[in-house]
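A.B. asks: Fold the stuff below for me.
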Amino acid sequence: MPIQWFPGHMHATRKAIAERMPEIDVVIELLDARLPGSSANPLLAELTRGKPALKVLNKQDLADPDITAQWLAHYQAQPGTQALALDASATAPARQLVAACRTLAPLRGGMVKPLRVLICGIPNVGKSTLINTLMGQRAAKTGDEPGITKSEQRLMLASDVTLFDTPGMLWPRITVAQSGDFLAAAGNIGRNAYDEESVAMALLAAVRARYGQRLRERYKLPDFASLSDEALLAEVGRKRGGLLPGGRVNMQKAAEVALNDFRAGTWGRITLETPEQFTQWWAQGLADDAQRAARRAALLAKKKPSRGGDAPAPEPAG
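C.D. replies: Predicted structure coming up:
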């Protein structure tokens, strides 16, 4: 669905990252392991192009480990890129970041050439939690709402490693239709920017295709292969206290239940997309964009006055 969310502070973030890039040695992009492709910001890729990159698949404890391995291989195959998966609250794995950054920039380090690292990602992907784990203290504000961090922070990870933390940033227009739904389902988009019922149905459609048994077990459902996504959401509401007087289902309550269960990991370790799926969706999104641009150009061409006399000739000078 066409979900867009780009608060004003994100414009400032884009400008700040562009200005900071010349002095940065390594870029860490934090991704959501449940939706790595959808949580990778193409605008950040454009801003940080040419810099060694460390892709960190956060919340790996909530993601399907087999598909996480596919995504790690996908990123490791890209030039100048390393990838690792971790849970931002686990201290030992988080410390791998500093070692990985030193590997990506072997000529930097020490007091003469300190290593300068920029960490970025979309809102609510766990960046502040990770930074607090790395620093061993509450260095960044955290919360379950996107957009908590509003300005750049400069932190010392080690005596010769400076970390620049930037606010979470989406992109002005989400090209991949599935990504809008997945980002909303994971809590990366402000609540006022999407319809929870629509997002919950899109989420169930993705989950039932690969993890249908998880849904059957969670909500004590019989086989639901013949049910539409809307009917399945209604069953979720019926099973989890979403009934109104007269036996009607409160679909808003059902949507909240489904979204909260996914975000909390109640369905088990789930990943919504594989590298192959996202590559196909991305190609389709670009093709759809090209078609829209062509239609706009055609409409503009029709609106322009012809040069054959439709517009009055200018008055002679003098």
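A.B. asks: all strands for the stretch 51-200 of the chain, in order.
C.D. replies: 53-58, 81-86, 115-121, 153-158, 161-165 (DSSP state E, counting those that start in this stretch).
A.B. asks: Of these, which shows the lowest average pLDDT?
C.D. replies: If you rank these by mean pLDDT, strand 153-158 sits at the bottom with a mean of 85.
A.B. asks: Give me the contacts around that one.
C.D. replies: V98, V117, I131, L134, M135, A139, A140, T162, L163, F164, D165 (C-beta atoms under 8 Å, 6 or more residues apart in numbering). C-betas here are computed from N, CA, C, even on glycine.
A.B. asks: and D160, what does it touch?
C.D. replies: Contacts of D160 (C-beta under 8 Å, 6+ apart): G109, G110, M111, P114, L115.
A.B. asks: Filter those down to the buried ones, PyMOL style.
C.D. replies: The buried residues among the contacts of D160 can be selected in PyMOL (16 or more other C-beta atoms under 10 Å) with this line:
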select buried, resi 109+114+115
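A.B. asks: Which one of the contacts of strand 153-158 is nearest to A53?
C.D. replies: Nearest to A53 among the contacts of strand 153-158: V117, at 11.0 Å, using C-beta to C-beta.
A.B. asks: I figured that closest one was touching D25, is that so?
C.D. replies: Yes. Taking C-beta atoms under 8 Å as the definition, V117 is a contact partner of D25 at 6.7 Å.
A.B. asks: where are the low-confidence patches of the stretch 101-250 of the chain?
C.D. replies: 137-151 (pLDDT under 70).
A.B. asks: Present the contacts of D160 as a markdown table; the columns should include distance to G121.
C.D. replies: Shown next, in a markdown table, are these (distance: C-beta to C-beta, whole Å):
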| residue | distance to G121 |
| --- | --- |
| G109 | 24 |
| G110 | 28 |
| M111 | 29 |
| P114 | 23 |
| L115 | 19 |
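A.B. asks: can you tell me which two in the contacts of D160 are farthest apart?
C.D. replies: M111 and L115 (10.9 Å).
A.B. asks: Report the contact partners of P114.
C.D. replies: R108, D160, V161, T162.
A.B. asks: for H74, that is, sorry about that
C.D. replies: Going by C-beta under 8 Å, 6+ apart, H74 touches P275.
A.B. asks: Count the neighbours of T162 for me.
C.D. replies: Counted with other C-beta atoms under 10 Å, residues neighbouring T162 total 18.
A.B. asks: That one and L155, how far apart?
C.D. replies: Per C-beta to C-beta, to the nearest Å, T162 is found 7 Å from L155.
A.B. asks: Surely G168 touches L183?
C.D. replies: No. Counting by C-beta under 8 Å, G168 stays clear of L183, with 11.3 Å between them.
A.B. asks: residues shared between the contacts of these two?
C.D. replies: Counting by C-beta under 8 Å, 6+ apart, the residues touching both G168 and L183 are I122.
A.B. asks: the more surrounded of the two?
C.D. replies: Comparing G168 with L183 by other C-beta under 10 Å, the one with more neighbours is L183, at 28 against 25.
A.B. asks: picking that back up, looking at V117 and D25, which has the bigger crowd around it?
C.D. replies: V117 (26 against 21).
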